[in-house]
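*Asks:* sequence plus predicted model, see below.
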Amino acid sequence: MINFDEEIKKFSPSLEIGEVEDAVYHLDLTDATDMLLDLLKEQEAAGESAKTDTF
Amino acid sequence: MYCYHCGALLSEYDYCTNCGADVGTYKKIIALSNRLYNDGLEKARVRDLTGAGGSLRQCLKLNKDHIEARNLLGLVYFEMGETAAALSEWVVSQSRRGEKNIAIEYINLFQNNAGRVDVINQSIRKYNQAYNYCLQDSVDLAEIQLKKLLSMNPKLLRAHLLLALIYIKDEKWERAERELHKVLEVDHNNTTALRYLKDVERVLEPEEGEKKPRHKGKDEVIRYQAGNELIIQPTNMLEQKTSSGFSTVINILIGLILGVAATYFLILPAKVSSVTEEYQAKVVELGENLDTKTSTIQELETQVNNLKTQNAGLEDIIDEYSGQGGILSNIDLLLTAANSYLNGATADETADALTKASSAVELEAMSEPFRTLYQTLMSKVGPELSTNFYTEGYTAYRNEDYESAVRLLTQAFEYDATNVDALFNLGNAYRKLGDNDNAKEVYNRVISLFPNDERATRSKQFLDEMAAED
């Protein structure tokens, strides 16, 4: 059976239209492509440091 | 698809043919995001908005630059009444692609409809207030707020869900069911609504043997699922209520009584009031018309009086011209005198006519042509008349009738101002009458008017003699 007190916790206040700008400003737009690029950069950096150590 | 490293167009290989970067994983991510977008689009087309929203959000987690997915997610939010979330997605979409982007049109539509935005804002505020009431356990107030906001913005699904939850708490199962169906009409697979509905239906349709908690007297229904639609069909609509003939007659009678009472208490007073108002309006209108007409009549009467006064004035003027002794009649007399003179009438006859013409008017007040004609005629007949009067006057003087002599000689001088004899003998006649004052005046006139004449010399002598006598 539905418990009102438990269910009400799942609701949240709605964003007002005037708050859209602030919400967009703080939006985290990081996607999987960004993470992939970060990984590739880390790999490249690790490869370069390994080469430097060898020399 | 373009290389994330150099921006070159990618080929079917798993590396960039331009810079050699490994793009195999990148391609898989983009392909997966496209697949999720397609999934979201399909779900949105069958109004599975919750499912569509989930797929599109995942799509954007893989590829934030998937503009179509972001725009569609905004539309899904908007359809669910989440206007702020929709606007957020469209604003981000616009920032990622500033041209040839439908999100710009959506945002413009919003910006150009301030009234609609205001209504949506009000409904969001009311929702937040209702949510706070729920947290404070003031569900009655929350219910009122939610009903108000749903009348303004019926698309806000979360408000329907919260209202359904309140109804469930208050065990108003049928109302809760109605709200949940409203949600499912818009979003066929709304998981929260389906979960609530499952519990509500469990209460409304208990297992066999369980007591129904529904209110006594409520309609029985048959429910069945047709695709995504839940069909609810009342079962007792076809049932004929069995009632006795007597109760039917009683019911008809009660209905008639109620009808008559409603007519008497509700319709009739309204009708009477309406007719009374109509008549009052007519009376006021007639009164206004009467006032207008009265003022018009008064105005016309004033005009008539003015015209009468003007008419009387004009009649007086006409009388002055054409009446007895008027200007026209005097002109006629003058013209008659002129005609008589031209037809050879005697100087006396012409003089009589001229006298008649001049006696009735003041010559100075007459027109220039009148005066000119009068003076011309007078200059023609004047000397002859003067001679005649002088002859008669002098005869009277010789006959010692000095009074007649004074009158006739005066006329003789009037008709001819050059007749020095007439003036001199007039002085003599006055002297003979013993009227020395007039005699002196006449002798002085002779001296002043005819200073070189012999009569002037004699007048001086007489004046001296009279002075000596005094």
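*Replies:* Right, received. Where do you want to start? Numbers count the residues shown, from 1 in each chain, chains lettered A, B, ... in the order given.
*Asks:* how far off centre is stretch B:190-201?
*Replies:* Relative to its parent chain, stretch B:190-201 has a centroid offset of 60 Å by Cα atoms, centre = their mean, to the nearest Å.
*Asks:* one more: stretch B:408-421?
*Replies:* With Cα atoms, centre = their mean, you get 85 Å for stretch B:408-421.
*Asks:* ok, now stretch B:443-450?
*Replies:* Put simply, stretch B:443-450 sits 88 Å off its chain's centre (Cα atoms, centre = their mean).
*Asks:* for stretch B:278-290, same thing?
*Replies:* Chain-centre distance of stretch B:278-290: 23 Å, with Cα atoms, centre = their mean.
*Asks:* what average pLDDT does that stretch get?
*Replies:* Average pLDDT, stretch B:278-290: 90.
*Asks:* now do stretch B:35-43
*Replies:* 95.
*Asks:* over to stretch B:88-106?
*Replies:* Mean pLDDT, stretch B:88-106: 92.
*Asks:* contacts for that stretch, please.
*Replies:* A:15, A:20-21, A:23-24, A:27, A:29, B:64-65, B:67, B:70-71, B:73-75, B:77-78, B:86, B:107 (Cβ atoms under 8 Å, 6 or more residues apart in numbering or on different chains). Where C-beta positions appear, they are placed from N, C-alpha and C, glycine not excepted.
*Asks:* 7 Å instead?
*Replies:* The contact list for stretch B:88-106 (Cβ atoms under 7 Å, 6 or more residues apart in numbering or on different chains) reads A:Val20, A:Ala23, A:Val24, A:Leu27, B:Asp65, B:Ile67, B:Arg70, B:Asn71, B:Leu73, B:Gly74, B:Tyr77, B:Ile107.
*Asks:* just the ones of these in helices?
*Replies:* Residues of the contacts of stretch B:88-106 located in helices (DSSP state H): A:Val20, A:Ala23, A:Val24, B:Ile67, B:Arg70, B:Asn71, B:Leu73, B:Gly74, B:Tyr77, B:Ile107.
*Asks:* now tabulate those in TSV and tack on neighbour count and distance to B:Gly51.
*Replies:* What follows is the ones in helices among the contacts of stretch B:88-106, written out as TSV (neighbours: other Cβ atoms under 10 Å in any protein chain shown; distance: Cβ to Cβ, whole Å):
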residue	neighbour count	distance to B:Gly51
A:Val20	19	25
A:Ala23	16	24
A:Val24	17	25
B:Ile67	19	21
B:Arg70	27	17
B:Asn71	22	18
B:Leu73	28	12
B:Gly74	26	16
B:Tyr77	21	14
B:Ile107	18	26
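*Asks:* of the contacts of stretch B:88-106, closest to A:Thr33?
*Replies:* Using Cβ to Cβ, B:Asp65 comes nearest to A:Thr33 of the contacts of stretch B:88-106, at 8.1 Å.
*Asks:* could you find the closest non-adjacent residue to the closest one?
*Replies:* B:Arg96 (5.6 Å; Cβ to Cβ, 6 or more residues apart in numbering or on different chains).
*Asks:* over to B:Tyr394?
*Replies:* Using Cβ to Cβ, 6+ apart, the closest residue to B:Tyr394 is B:Asn425 (6.0 Å).
*Asks:* do I have it right that that neighbour meets B:Tyr397?
*Replies:* Yes: using Cβ atoms under 7 Å, B:Asn425 is in contact with B:Tyr397, at 5.9 Å.
*Asks:* helix or strand right after the longest helix seen in chain B?
*Replies:* Using DSSP H, we find that the single longest helix of chain B is helix B:268-322. Using DSSP states H and E, the helix or strand that directly follows helix B:268-322 along the chain is helix B:327-342.
*Asks:* list the helices and strands the helix or strand following that next one packs on?
*Replies:* Next along the chain after helix B:327-342, taking DSSP H and E as the criterion, comes helix B:347-359. Judged by 3 or more Cβ pairs under 7 Å, 6 or more residues apart in numbering or on different chains; DSSP states H and E, helix B:347-359 is in contact with helix B:327-342, helix B:368-398.
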